[in-house]
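Novice: pasting the structure only:
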């Protein structure tokens, strides 16, 4: 009986021994094949679930939250942009400079280490509290002053608000100061120093100031003949020499932003000195690569970004063109542009084409003229004002022609 009860109760169970009351091995999972089925068949005969690891569940949750956050931020940004457009609010053009400032512009504090710095207080005392104005434009104001050591100076002050003066403009300003400070020629006005002040905000550059006015004033504004023929020839030679220095002896070459008779100042002995005030107007107005070609007849280079070597070449050629115009002013006494007379170039070209008519170009106020020098000057003018910039000779060649052929020995 005992054996019978045990069989009836224990039949179908799986034990470790091989008793006959046990189930078959394939039913108990003791074989290798049964082990394979154990993962997929449960006690109720149905297929079971595979339990995911906890770390995988965490990764899925974090990924989902991150994607949802990014989509939410994009939606908010899109709504704000649409709202700005619908309200008509625009971004001012100075934003582009701010973007450059925040991303790519860094200022080297030692950039101006070799240029003298002058305090605003010292300049205010020299310029009679900035009341002695000798020139002004929308971009700059030019003051005349006298330093404590007796030197007469011209102070160019930038008319720019502090919000405009980003790091980009500051770097541009400092590089221009370094560029001009390297000039060292007897016919180029020396840079005395610069001023940089935060309270009140100001940026200024200081030059020595020749006291005898500009070449333009002596040729066109002063009554009577203040400049004799020999003196005009000396001035022409001196301008040619300083341009040769700027274009060929300096590396990289230096070009005047706006070369004209009004940018040439005269000392007491009528020695010319060039001052490039126009360069600082361009800095405040639009800090572009250059502004000289429009003024000097170089054809301009405003169509997008231009290779810097091409820009420098065009500016040098523009200076050569401008020198030809100055030579015409020297021999004729006429202004390049005047409401009372025809355009100087248009009037002169018809006489320059025929050597027999060179005499018609001469200023009637002049008492005597060197005819040989006149012929050389007119031939040089024709070379300088060639409509094709690449055909204009270098100032090295022009200077050599003038030095060899122009006579300045006649006494005034």
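Specialist: Structure's in. What do you need? Quick caveat: nothing in here was measured; it's all calculated off a predicted structure.
Novice: Just give me the neighbour total for residue 82.
Specialist: The tally of other residues near residue 82 (other C-beta atoms under 10 Å) stands at 10. All C-beta atoms are positioned from the backbone trio N, CA, C, and that covers glycine.
Novice: what does residue 112 give?
Specialist: Neighbour number of residue 112 under other C-beta under 10 Å is 18.
Novice: Skipping adjacent residues, who's closest to it in space?
Specialist: Leaving aside its chain neighbours, residue 112 sits nearest to residue 174 (5.7 Å; criterion: C-beta to C-beta, 6 or more residues apart in numbering).
Novice: now swap in residue 373 and tell me
Specialist: Nearest to residue 373 is residue 406, by C-beta to C-beta, 6+ apart, at 4.7 Å.
Novice: Only the buried residues of stretch 253-271, if you could.
Specialist: In terms of neighbour count (16 or more other C-beta atoms under 10 Å), stretch 253-271 has its buried residues at 253-266, 270.
Novice: Does whichever strand or helix holds the residue nearest to residue 112 pack against any helices or strands, and if so which?
Specialist: Residue 174 is part of helix 167-181 when elements are defined by DSSP states H and E. Applying 3 or more C-beta pairs under 8 Å, 6 or more residues apart in numbering; DSSP states H and E, one finds that helix 167-181 contacts helix 94-103, strand 191-198, strand 201-208, helix 278-285.
Novice: gap between that helix and the chain center?
Specialist: Offset of helix 167-181 from its chain centre (C-alpha atoms, centre = their mean, to the nearest Å): 9 Å.
Novice: quick thing: my sequence starts at 17, can you match it?
Specialist: Noted, 17 is the first residue going forward, which turns the last one into helix 183-197.
Novice: That helix versus helix 294-301: what angle between them?
Specialist: Going by axes from the mean of the first three to the mean of the last three C-alpha atoms, to 10 degrees, helix 183-197 is angled at 180 degrees with respect to helix 294-301.
Novice: what is the orientation angle of helix 183-197 with strand 217-224?
Specialist: Going by the same axes, to 10 degrees, helix 183-197 makes 10 degrees with strand 217-224.
Novice: contact partners of whichever strand or helix holds residue 416?
Specialist: Under the criterion of DSSP H and E, residue 416 resides in helix 411-421. With contact meaning C-beta atoms under 8 Å, 6 or more residues apart in numbering, helix 411-421 is reached by 252-253, 256-257, 259-260, 262-264, 335-336, 339, 388-389, 392-393, 395-396, 399-400.
Novice: how close does residue 198 get to residue 370?
Specialist: 44 Å (C-beta to C-beta, to the nearest Å).
Novice: Settle it for me: which of those two has more neighbours?
Specialist: The neighbour count for residue 198 versus residue 370, taken as other C-beta under 10 Å, is higher for residue 198 (12 against 9).
Novice: Show the pLDDT at the more buried one.
Specialist: Among the per-residue scores, residue 198 shows a pLDDT of 94.
Novice: List phi and psi for the closest residue to it other than its chain neighbours.
Specialist: Excluding the flanking residues, the one nearest residue 198 by C-beta to C-beta, 6+ apart is residue 266, at 7.3 Å. Residue 266 adopts backbone torsions of phi -90, psi 140, taken as degrees, to the nearest 10.
Novice: Count the neighbours of residue 266 for me.
Specialist: Residue 266 - counted by other C-beta under 10 Å - has 15 other residues nearby.
Novice: Does it touch residue 201 like I think?
Specialist: No. Residue 266 sits out of contact with residue 201 when judged by C-beta atoms under 8 Å, with a separation of 9.2 Å.
Novice: okay, now the domains of this protein?
Specialist: What the record gives for the chain is the domain set 136-224, 231-421, from automatic domain parsing.
Novice: Compare the ones you listed and report which one is nearest to residue 98.
Specialist: Closest to residue 98 of these, according to C-beta to C-beta: domain 136-224, at 27.6 Å.
Novice: one step back: mean pLDDT lowest where, among the domains of the chain?
Specialist: Among those, domain 231-421 scores lowest, with a mean of 85.
Novice: ranges for the strands of this structure?
Specialist: 149-152, 156-162, 168-174, 207-214, 217-224, 280-282, 288-290 (DSSP state E).
Novice: Residues contacting stretch 271-278, please?
Specialist: Contacts of stretch 271-278 (C-beta under 8 Å, 6+ apart): 230-232, 235-236, 259, 262-263, 279, 290, 292, 294-295, 298, 306-308, 311-312, 328, 331-332, 334-335, 338-339, 341-342, 345, 351-352.
Novice: what's the offset of it from the middle of its chain?
Specialist: 19 Å.
Novice: Please apply the same query to stretch 131-149.
Specialist: With C-alpha atoms, centre = their mean, you get 27 Å for stretch 131-149.
Novice: residues making contact with it?
Specialist: For stretch 131-149, the external contacting residues (C-beta under 8 Å, 6+ apart) are 157-164, 169, 171, 173, 193-194, 197, 207-213, 216, 218, 220, 222.
Novice: cutoff 6 Å now
Specialist: For stretch 131-149, the surrounding residues in contact (C-beta atoms under 6 Å, 6 or more residues apart in numbering) are 159-163, 171, 193, 197, 209-211, 213, 218, 222.
Novice: now stretch 367-382
Specialist: 241, 245, 347-349, 385, 390, 394, 398.
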